[in-house]
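Trainee: sequence first, predicted model second:
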Amino acid sequence: MCAVANHFRVGVDDDLLIRWSAPLPRGERIILRHRASGDTREESVRGDRTSVALALNGIATGRWDVRIGAGGVSGRGADRPLLTDDPGFSFDEARAYACIRRDRVVRVVRSAEGQVSLRVRKVSPHAEVEAVHPHDGEIRVAGRLAYTGPRPEQDARLVAVARDTRSTLTRDVRLDGTKFQVCLPVDVFAAEQPALWDLWLDVADVHARLATRLDDAPGKRGKVSFPRQIAGSGIQEMSVRPYYTLKDELSVAGHLVTGEAG
């Protein structure tokens with residue numbers, strides 16, 4: 001029997017929940033197999049149930065194939081890939097998952113054929129950028145801290161670091177739990193030497209890079225662009241615009257405007 005799961009998601013508590021539209025045959029088991037080590041985790045599916053939940057706490061980093069079959073050593077050759085038609089991604093779910101303090105994450109990977117696996121990797125906190133608005137002489141950025149958990153009310157600041165000279169600019173940040181908002185006047189960048197500025201959010205012991213990674217759309221450089229703004233005096237005008245790096249991190253570029261090409 002080739003039963004296709006219509007729900008395959010990892011919840012905020014790191015439980016894997018799988019559902020089918022009809023009960024599976026008796027004796028079926030869900031098998032997670034670590035590609036590198038061959039270690040397995042198994043969970044039986046009762047014949048009168050259409051769902052199963054597997055606790056993933058303590059699961060090793062790396063890729064885990066998800067299979068279905070008899071399980072056990074003797075049944076290894078008989079198991080088969082578990083299939084699903086669940087896209088496996090919801091931005092709201094990804095955001096809720098990232099709002100909890102974590103040092104590793106479990107993500108669902110689904111092939112074009114519907115085969116699923118789990119990717120487990122270590123993470124460090126970052127400041128997830130959800131909106132960037134460059135206009136009226138400002139760059140407004142809004143988002144939320146990822147993998148730190150809610151932060152109590154305390155001082156927070158955005159730190160812009162010039163990539164070559166390590167010069168810094170700072171702005172106060174409004175922080176509400178995990179949500180943050182900050183306004184960056186382009187005049188502040190225009191008053192400095194031309195530079196590429198990397199953006200960080202500092203809250204107590206957290207030093208978090210601004211990036212957009214939870215939208216499941218990597219490779220924003222060359223695909224997402226923001227308008228530039230001109231600031232400074234007639235003697236030295238600067239083009240200032242935010243942009244995404246190859247790692248989907250948010251930075252700001254400041255370049256001199258020269259001649260009519262500016």
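Mentor: Thanks, I have the structure now.
Trainee: could you spell out the sheet neighbours of whichever helix or strand residue 53 is part of, each with its direction?
Mentor: Using DSSP states H and E, residue 53 sits within strand 51-55. Paired neighbours of strand 51-55 in the sheet (DSSP bridges): strand 15-19 (antiparallel).
Trainee: show me the contact partners of the strand it pairs with.
Mentor: 5-11, 30, 50-56, 82, 84, 106, 118 (Cβ atoms under 8 Å, 6 or more residues apart in numbering). (C-beta placed from N, C-alpha, C; glycine too.)
Trainee: buried set for the strand holding residue 53?
Mentor: 52, 54 (16 or more other Cβ atoms under 10 Å).
Trainee: which secondary structure elements does the helix or strand just after it sit against?
Mentor: Where DSSP H and E defines the elements, the next helix or strand beyond strand 51-55 is strand 62-69. Judged by 3 or more Cβ pairs under 8 Å, 6 or more residues apart in numbering; DSSP states H and E, strand 62-69 is in contact with strand 29-34, strand 80-81, strand 116-122.
Trainee: remind me what the helix or strand encompassing residue 200 packs against, helices and strands.
Mentor: Applying DSSP H and E as the criterion places residue 200 in strand 195-203. Counting by 3+ Cβ pairs under 8 Å, 6+ apart, the packing neighbours recorded for strand 195-203 are strand 138-146, strand 156-162, strand 206-211, strand 250-256.
Trainee: got a list of what residue 90 touches?
Mentor: By Cβ under 8 Å, 6+ apart, the neighbours of residue 90 are residue 9.
Trainee: just the buried residues of stretch 185-202, please?
Mentor: Within stretch 185-202, the residues scored as buried using 16+ other Cβ under 10 Å are 185-186, 188-190, 192, 194-202.
Trainee: before we move on, what about stretch 226-236?
Mentor: 226, 228-229, 231-232.
Trainee: residue 34 versus residue 10, what's the distance?
Mentor: 16 Å (Cβ to Cβ, to the nearest Å).
Trainee: then residue 88?
Mentor: On the measure of Cβ to Cβ, residue 88 and residue 34 end up 19 Å apart.
Trainee: also residue 49?
Mentor: 26 Å.
Trainee: quick one: contacts for the residue located most distally from the centre of the chain?
Mentor: Relative to the centre of the chain, and counting by Cα atoms, centre = their mean, the farthest-placed residue is residue 235 at 42.1 Å. Contacts for residue 235 (Cβ under 8 Å, 6+ apart) come out as none.
Trainee: same question, the one 10 residues further on
Mentor: Shown in contact with residue 245 (Cβ under 8 Å, 6+ apart): 221, 251.
Trainee: tell me which helix or strand residue 187 sits in.
Mentor: With DSSP H and E as criterion, residue 187 is part of helix 186-190.
Trainee: so how far is that helix off the chain centroid?
Mentor: 29 Å (Cα atoms, centre = their mean, to the nearest Å).
Trainee: identify the residues contacting it?
Mentor: Helix 186-190 is contacted from outside by 134, 137-139, 160, 169, 171, 195, 197, 229, 231-232, 236-238, 240, 252, 254, using Cβ under 8 Å, 6+ apart.
Trainee: switch the cut-off to 6 Å
Mentor: 137, 169, 229, 231-232, 238, 240, 254 (Cβ atoms under 6 Å, 6 or more residues apart in numbering).
Trainee: the residue lying closest to residue 212 once chain neighbours are set aside sits in which helix or strand?
Mentor: Closest residue to residue 212 apart from its sequence neighbours, by Cβ to Cβ, 6 or more residues apart in numbering: residue 129 at 4.6 Å. Using DSSP H and E, residue 129 sits within strand 126-135.
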